[in-house]
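Peer 1: quick check, what structure comes out for this input:
(2 chains)
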Amino acid sequence: GENVEQHPSTLSVQEGDSAVIKCTYSDSASNYFPWYKQELGKRPQLIIDIRSNVGEKKDQRIAVTLNKTAKHFSLHITETQPEDSAVYFCAASTISNSGYALNFGKGTSLLVTP
Amino acid sequence: NAGVTQTPKFRVLKTGQSMTLLCAQDMNHEYMYWYRQDPGMGLRLIHYSVGEGTTAKGEVPDGYNVSRLKKQNFLLGLESAAPSQTSVYFCASSATGGNQPQHFGDGTRLSIL
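Peer 2: Below you'll find the model as predicted:
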């Protein structure tokens, strides 16, 4: 089945610096790659996603890049702020005889210090 | 518009007891999912449903059963709870599968003693 590896598991940056989280996947049929942010005690919330027909997508301070050949995708956060502190999860779509699902990475705990 | 609603929010069970977690969505989504979240393990898929009356196994289905009798509801059952099932359970839904975003509920924190 699909295997999604996410690195690093923890990341600490100073306010204003950039943060990069990387994920790799194994299923060449994957075509949808969302990123979720989860604050402590809260639900995961979608922050950005990318589909396999594009290589990069940007939304204000957040961007995602996708390299289908190498089977990896990355989340870039610029000008980090303390409120960016959270756990971030990447995911990759997978399909079986039963239908579509997402496989999630194990998460990256981001800490932005003032 | 409530989105995805999970009940209960917290529950403590004794080993061997049974219970059902309820997930309801008001977005007319076809797909619904149940995940468990454990420290350092991310979100692991238990079971999912691609439409009313259908269910499918995910990555960690053992010890759980599900039912999707109505399109808006997806029930997760524990027939005989075990301490290893102590976790936070999240329900999610998406309009269809494939490249559609999943919307999560607030989670159910379940402790089994």
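Peer 1: ok, which stretches of the chain are strands?
Peer 2: Picked chain A for this. A:4-7, A:10-14, A:19-25, A:32-38, A:45-51, A:56-59, A:62-67, A:72-77, A:86-96, A:99-104, A:108-113 (DSSP state E).
Peer 1: the chain in question should be chain B.
Peer 2: B:4-7, B:10-13, B:19-25, B:31-38, B:42-49, B:56-57, B:64-67, B:73-78, B:87-94, B:103-104, B:108-112.
Peer 1: next, the buried residues of the first one.
Peer 2: If I follow you right, that is strand B:4-7. Using 16 or more other CB atoms under 10 Å in any protein chain shown as the test for burial, strand B:4-7 gives B:4, B:6. C-betas here are computed from N, CA, C, even on glycine.
Peer 1: quick one: strands adjacent to it?
Peer 2: Strand B:4-7 sits in its sheet next to strand B:19-25 (antiparallel), going by DSSP bridges.
Peer 1: hang on, the earlier thing: can you redo the strands of chain B as TSV with distance to A:Gln81 and mean pLDDT?
Peer 2: Converted to TSV, these look like this (distance: least, CB to CB, whole Å; pLDDT from 0 to 100):
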stretch	distance to A:Gln81	mean pLDDT
strand B:4-7	28	97
strand B:10-13	31	96
strand B:19-25	32	97
strand B:31-38	25	96
strand B:42-49	25	94
strand B:56-57	40	93
strand B:64-67	39	97
strand B:73-78	36	97
strand B:87-94	26	97
strand B:103-104	23	96
strand B:108-112	29	97
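Peer 1: now for B:Asn99: which residues touch it?
Peer 2: A:31-32, A:49, A:51, A:93 (CB atoms under 8 Å, 6 or more residues apart in numbering or on different chains).
Peer 1: and the furthest pair within those?
Peer 2: A:Asn31 and A:Asp49 (11.1 Å; CB to CB).
Peer 1: and B:Ser111, bridged to which residues?
Peer 2: Beta-bridge partners, per DSSP bridges, of B:Ser111: B:Val12.
Peer 1: isn't it up against B:Gln85?
Peer 2: No: counting by CB atoms under 8 Å, B:Ser111 stays clear of B:Gln85, with 9.5 Å between them.
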